[in-house]
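Undergrad: quick one, structure for this:
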Amino acid sequence: GGAIKGLKMLRIIRIFKAFRFCQQLSSWATMMLDSIATVFWTCVMFSGMIFFTAILICSSCTSWIQRQVDTSNADWYRLLSEDLDAVLKDNSKKQLVSDIHRWFGTFMGTADTLLQASLGGIDWGDCTNALGEVHGLTKLAFMGFVVYFLVAVMNIVTAVVLDSAMESAHSQHGYQISKILDSQKQDLHRIRKFFEAVDINQNGVIDREEVDTCIGAD
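TA: Alright, predicted model coming up:
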């Protein structure tokens, strides 16, 4: 088992070594790695936005749900998911209460709804219509979060990641130029050493006799 895992790791290493033979692929891989830090801190910022917005919306929705059901029943919270009719005061709001409880009844559920609405996982128009029945400010907070994410956050993240990639590309380009210049210096050094060896009398001029002597010596 250990030997098989070792062979698999060697195969993976070979794939990364192949990057050296494809300069463009290597540059793209480097740019992606350089952008990881930017993406990470962007996710941290976005998580913070979700956290505070979810607390606000979940608190408002939980209070609204409690006003729509009979909280005198000790099992009212469990019945919200299992038998809503048993605790609901107004049956005409059954679908609305069910949706609000499913989307915003818990903190984790609210955070998940915010994330999906921002990324297109669910239709955020349905969520705003439901929240409009809860409170106008709650609906406004949800809409503000989604609009801010779509208009501001996505554009900022794209710009920052592209800027990081461009900086990495320039750095890679400068590194390649530096390698070429170093190679040229080494070639010039070898050529200079060759002519110094051919110039037997070290007068700075190579004549035919010196060339013939070097050829004869070889």
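Undergrad: with residue 183 as the reference, measure out to the closest residue to residue 104 other than its chain neighbours.
TA: Of all residues beyond its chain neighbours, the one nearest residue 104 is residue 61 (3.9 Å), with distances taken as C-beta to C-beta, 6 or more residues apart in numbering. (C-beta placed from N, C-alpha, C; glycine too.) Here the criterion is C-beta to C-beta, to the nearest Å. By it, residue 61 lies 66 Å from residue 183.
Undergrad: those two: who's more crowded?
TA: Comparing residue 61 with residue 183 by other C-beta atoms under 10 Å, the one with more neighbours is residue 61, at 23 against 10.
Undergrad: and the helix or strand containing the more buried one, average pLDDT?
TA: Using DSSP states H and E, residue 61 falls within helix 36-68. For helix 36-68, mean pLDDT rounds to 88.
Undergrad: quick check: next helix or strand after that helix?
TA: Criterion used, DSSP H and E; the element after helix 36-68 is helix 76-82.
Undergrad: roughly how far apart are residue 203 and residue 68?
TA: In this view, residue 203 and residue 68 are 105 Å apart by C-beta to C-beta.
Undergrad: ok, residue 91 next?
TA: Residue 91 sits 11 Å away from residue 68, going by C-beta to C-beta.
Undergrad: my guess is residue 73 contacts residue 86. True?
TA: Yes. Residue 73 is in contact with residue 86 according to C-beta atoms under 8 Å; the separation is 7.3 Å.
Undergrad: can you report phi and psi for residue 105?
TA: Dihedral angles of residue 105 (phi, psi; degrees, to the nearest 10) stand at phi -80, psi -20.
Undergrad: the one 5 residues further on too?
TA: Backbone geometry at residue 110, expressed as degrees, to the nearest 10, gives phi -60, psi -40.
Undergrad: any stretches of the protein with poor pLDDT?
TA: The model of the chain has pLDDT under 70 over residues 1-35, 160-162, 164-178, 198-199, 204, 206-208, 210-212, 214-218.
Undergrad: show me where it has helices.
TA: Using DSSP state H, the helices found in the chain span residues 2-17, 23-34, 36-68, 76-82, 94-104, 107-119, 124-134, 136-148, 154-198, 208-217.
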